[in-house]
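Quick one, fold the following:
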Amino acid sequence: MERIFFLLTVIGVPLSVAGSLLHWPATPMFVVYCVTIIALASYMGRATESLAIVAGPRIGGLLNATFGNAVELIISIFALKAGLVSVVLASLTGSVLGNLLLVAGLSFFVGGLKYKRQSFNVYDARHNSGLLTFAILVAFVIPEVFSMTMNEQKTLSLSIGISMIMIALYLAALYFKLVTHRGVYQHKEDVEEHEEPEWSKGKAMLILALATVAVAYVSESLVHTFEVVAHSFGWSELFIGVIIVAIVGNAAEHASAIIMAYKNKMNVAVEIAIGSTLQIAMFVAPVLVLVSLLFPTHMALVFTLPELVAMVTAVLLTIVLSNDGDTNWFEGATLLGAYMIMGIGFYLL
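The predicted structure follows:
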């Protein structure tokens, strides 16, 4: 797999640069850009993992929080710059649905085929359930309801206030998990064997920096192809955001979670799926609201009704299935079924 990603990077980056400079046709370049970003994301994931092992769990947790959704954040910033607010909101929706239903679903399903019953830290599951309820059912629903009786300026002001509160609470949640209550809610399988980092600290930092720069360049080119691709395939901006951008932006995490579940490391798999959702909802989305203030088109935290209903449904289903700290292949199939139903819905919109 590492060789495949290496080949895709070596071929994809020069092709992406040539394509954007020489203005090659948008549709084939859209595929090239997507594949290149997925390959680069794998290197970002491996570098972050090495740094997390070297720096220890506390700084490692912070690094994962910062770089776990870096690709998604970079693509979204360029989309905001281009004024594609609906694509950004759709990609945030897609990340929430993708992580909770597709990634968790595939992890539970693949792991469940190998092991009849898999367990993970029930205290973490309940803690994450509370944060998911806050992030989606409170912080995303409130602006939608209040915007019905507010003008645009007041809705934006409400979104900015909510964003600041969410970022503060997200940082507090990290502090709670990594500092004040670290190891308090220990699970019998939490103690992992000592791991050796794949790369040294210096090499990992260099690879992370280079991959981030390359992703930023390719992402800007990718955003410029959205309009042509949407027209060519008859896709809506909503479908591109919810399904395509979300899968490309989180590809490395998707693969990692499934591999961990197959190795029966369910704590890590669940942390990737649900932890990543919390990063998107409580950190990435609020940061994008604040970053949009730098551009002519501002973004309020107001989703369309189908996006909001889909996210609320995904959160409720995930909480019901994961709150017992126990999983099997059938629960995975249930989550995957929900993702497919929503995918068909967004495609037909």
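
contacts and neighbour counts: CA atoms only from here.
Will do.

For the longest helix seen in the chain, enumerate the helices and strands it packs against.
Longest among the helix segments of the chain by residue count, using DSSP state H, is helix 26-55. In terms of contacts (3 or more Cα pairs under 8 Å, 6 or more residues apart in numbering; DSSP states H and E), helix 26-55 is packed against helix 2-22, helix 57-67, helix 201-223, helix 226-233, helix 246-249, helix 251-262.

Quick check: which of those helices is buried the most?
For the helices and strands packed on helix 26-55, ranked by mean neighbour count under the definition mean count of other Cα atoms under 10 Å, the leader is helix 246-249 at a mean of 24.

quick check: mean pLDDT across stretch 289-298?
What stretch 289-298 shows for mean pLDDT is 93.

Just the buried positions in it, please.
In terms of neighbour count (16 or more other Cα atoms under 10 Å), stretch 289-298 has its buried residues at 289, 290, 292, 298.

go on, stretch 167-178?
With burial defined by 16+ other Cα under 10 Å, the residues of stretch 167-178 counted as buried are 167, 169, 170, 174, 175, 177, 178.

Report the two of these separated the most.
Taking every pair in those and measuring Cα to Cα, the maximum separation is 16.4 Å, between 167 and 178.

Okay, strands next: where are they in the stretch 101-250 of the chain?
With DSSP state E, counting those that start in this stretch as the criterion, the stretch 101-250 of the chain has strands at 118-119.

pLDDT below threshold where in it?
Judged by pLDDT under 70, the stretch 101-250 of the chain has its weakly predicted residues at 183-194.

which residue ranges form the helices in it?
Secondary structure of the stretch 101-250 of the chain (DSSP state H, counting those that start in this stretch): helices located at 104-114, 122-132, 141-147, 152-175, 201-223, 226-233, 237-239, 246-249.

Residue 314 and residue 98 touch, don't they?
No. If you go by Cα atoms under 8 Å, residue 314 and residue 98 don't touch, sitting 9.5 Å apart.

okay, those two: which has more neighbours?
Neighbour totals were compared for residue 314 and residue 98, and residue 98 leads with 26 against 22 (other Cα atoms under 10 Å).

What does the pLDDT read for the more buried one?
Predicted confidence (pLDDT) for residue 98: 89.

for it, what are its contacts?
Residues near residue 98 by Cα atoms under 8 Å, 6 or more residues apart in numbering: 243, 246, 247, 339.
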